[in-house]
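Peer 1: One predicted model, sequence on top.
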Amino acid sequence: MVRLRLTRMGKTNRPFYRLAAFDAHQQRDGRAIEFLGHYDPLNDKQPLVLNRERIVHWLELGAKPTESVAKLLQKQGIACT
């Protein structure tokens, strides 16, 4: 099963996250199948950058987003059923 989840990057107290497709058994910062965008909670101008086409592709193939990713996708208007 494929999961869409965030992987943490950045320095201490300066979080930066990449949205990626992972095998469900991989670690949080393990090897991703594909990177789909990034999320910078400290950036006010453009906190979220997504590759919508690839995210929709993975969702159509049955990938399940985590709760935090599902909330981010809903804010951007991408339906995750």
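Peer 2: Here it is on my side, so go on.
Peer 1: How about the secondary structure of the spatially most central residue of the chain?
Peer 2: For the chain, the residue lying nearest the average C-alpha position, counting by C-alpha atoms, centre = their mean, turns out to be Leu19 (2.4 Å). What DSSP: H, G, I helix; E, B strand; the rest coil gives for Leu19 is strand.
Peer 1: so how far is Leu50 from it?
Peer 2: In this view, Leu19 and Leu50 are 7 Å apart by C-beta to C-beta, to the nearest Å. In this view, the C-beta of every residue, glycine as well, is placed from N, C-alpha and C.
Peer 1: Can you pull the residues that touch both of the two?
Peer 2: The contact sets of Leu19 and Leu50 overlap at 36-37 (C-beta atoms under 8 Å, 6 or more residues apart in numbering).
Peer 1: re the thing from before, let me see the contact set for the residue nearest to the centre of the chain.
Peer 2: Taking C-beta under 8 Å, 6+ apart, one finds 4-6, 35-39, 50, 55, 69, 72 in contact with Leu19.
Peer 1: And Ser68, by the same measure?
Peer 2: 5-6.
Peer 1: all helices for the chain, in order.
Peer 2: Assigned by DSSP state H, the chain shows helices spanning 52-60, 67-75.
Peer 1: Mind listing what's buried along the first one?
Peer 2: What it means is helix 52-60. 55, 58-59 (16 or more other C-beta atoms under 10 Å).
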